[in-house]
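when you get a sec, could you give me coordinates for this:
(chains A and B)
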Amino acid sequence: AQSVTQLGSHVSVSEGALVLLRCNYSSSVPPYLFWYVQYPNQGLQLLLKYTSAATLVKGINGFEAEFKKSETSFHLTKPSAHMRDAAEYFCAVSDRRAAGNKLTFGGGTRVLVKP
Amino acid sequence: GAGVSQSPSNKVTEKGKDVELRCDPISGHTALYWYRQSLGQGLEFLIYFQGNSAPDKSGLPSDRFSAERTGGSVSTLTIQRTQQEDSAVYLCASSLGAGAPLGNTIYFGEGSWLTVV
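I've put the predicted structure just below:
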């Protein structure tokens, strides 16, 4: 079975500072990997995804993530935080061997951006 | 519509009552998912529909939960004899299904907030 661990349920960053959100997965075969963002009282929006191409993936709103097979990680970064980045972020995986695209989510990391 | 549409957006129900939650996926999407988001359990997969295939019900927490998808489009999630622990946000999602590459994007609705009192 697959699992996803997000280190840190809450992260506080200053506006303009680096955002780093950590995600590690457990799977016998490298899965598909996703980062979703959830703004207050809204659904989930895809930030970026890794399927099988370049290991450095660029997404929307200036975010990017790097797949590191040796570390079973898919950490999300943004060089300079903006107030609008305050939200909850979820890392998710799906099994590339399975039918369908069932996602297994991490516990989420809530980002607070300080002025 | 342009996105995944869910109704009602908010529902308060008394313990023991049945509730129905509706999802209208993105036009052309053959795959439809239900997830539950709660404080204690995070985001959990409930059920997955793909075209006319038998649904994957492996995530349904009990036999009080059921879902159907009529005509390959709209889906209804039904919770019978609701309990307080059913209080959560129920998220519907859809994606291109069979024939599309795995790992394709899953689009989520804004959810139905269920409170059982």
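
and the spatially most central residue of chain A, what does it touch?
For chain A, the residue nearest the mean C-alpha position is A:Trp35 (3.4 Å; Cα atoms, centre = their mean). Taking Cβ atoms under 8 Å, 6 or more residues apart in numbering or on different chains, we find A:Trp35 in contact with A:21, A:23, A:46-49, A:59, A:63, A:65, A:74, A:76, A:89-92. Glycine gets a C-beta too; all of them are placed from N, C-alpha and C.

among those residues, which are in reach of chain B?
When contact is defined as Cβ under 8 Å from any Cβ of the partner chain, those meet chain B at A:46, A:49, A:90, A:92.

what does chain A put close to chain B?
Those residues of chain A that sit near chain B, judged by Cβ under 8 Å from any Cβ, are A:32, A:36, A:41-46, A:49, A:51-52, A:90, A:92, A:94, A:96, A:99-108.

near residue 66, how many other residues are there?
In the absence of a named chain, this looks at chain A. 15 (other Cβ atoms under 10 Å in any protein chain shown).

wrong one, I was asking about chain B
Other residues close to B:Ser66 by other Cβ under 10 Å number 14.

quick check: bridge partners of it?
B:Thr78 (DSSP bridges).

was I right about it contacting B:Pro55?
No. Using Cβ atoms under 8 Å as the test, B:Ser66 is too far from B:Pro55 to be in contact (9.9 Å).

what's the closest non-adjacent residue to B:Leu114?
Among residues not flanking B:Leu114 along the chain, B:Lys11 sits closest, at 5.1 Å (Cβ to Cβ, 6 or more residues apart in numbering or on different chains).

up against chain A, what does chain B have?
Going by Cβ under 8 Å from any Cβ, the residues of chain B near chain A are B:4, B:31, B:33, B:35, B:42-45, B:48, B:50, B:56, B:59, B:91, B:93, B:95, B:97, B:101-111.

tell me the mean pLDDT for stretch A:88-100?
In this model, stretch A:88-100 has an average pLDDT of 84.

all strands of chain B, in order?
B:5-7, B:10-13, B:19-24, B:31-38, B:42-50, B:65-69, B:75-79, B:88-95, B:107-108, B:112-116 (DSSP state E).

what residue lies at the spatial centre of chain B?
Centre-nearest of chain B using Cα atoms, centre = their mean is B:Trp34, 2.8 Å out.

low-confidence stretches in chain B?
B:1, B:98-103 (pLDDT under 70).

which residues of chain A score low on pLDDT?
A:99-100.

quick one on the thing from earlier: and the strands of chain B: which comes nearest A:Thr5?
For A:Thr5, the closest of those is strand B:42-50, at 11.6 Å, according to Cβ to Cβ.

now the closest one, how far from the centre of its chain.
7 Å (Cα atoms, centre = their mean, to the nearest Å).

cool, and stretch B:56-76?
Distance, centroid of stretch B:56-76 to centroid of chain: 7 Å (Cα atoms, centre = their mean).

and what of stretch A:64-76?
Distance, centroid of stretch A:64-76 to centroid of chain: 9 Å (Cα atoms, centre = their mean).

buried residues in that stretch?
For stretch A:64-76, the buried set under the neighbour-count rule, 16 or more other Cβ atoms under 10 Å in any protein chain shown, comprises A:64-65, A:67, A:73-76.

mind putting these in CSV, secondary structure included?
What follows is the buried residues of stretch A:64-76, written out as CSV (DSSP: H, G, I helix; E, B strand; the rest coil):
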residue, secondary structure
A:Glu64, strand
A:Ala65, strand
A:Phe67, strand
A:Ser73, strand
A:Phe74, strand
A:His75, strand
A:Leu76, strand
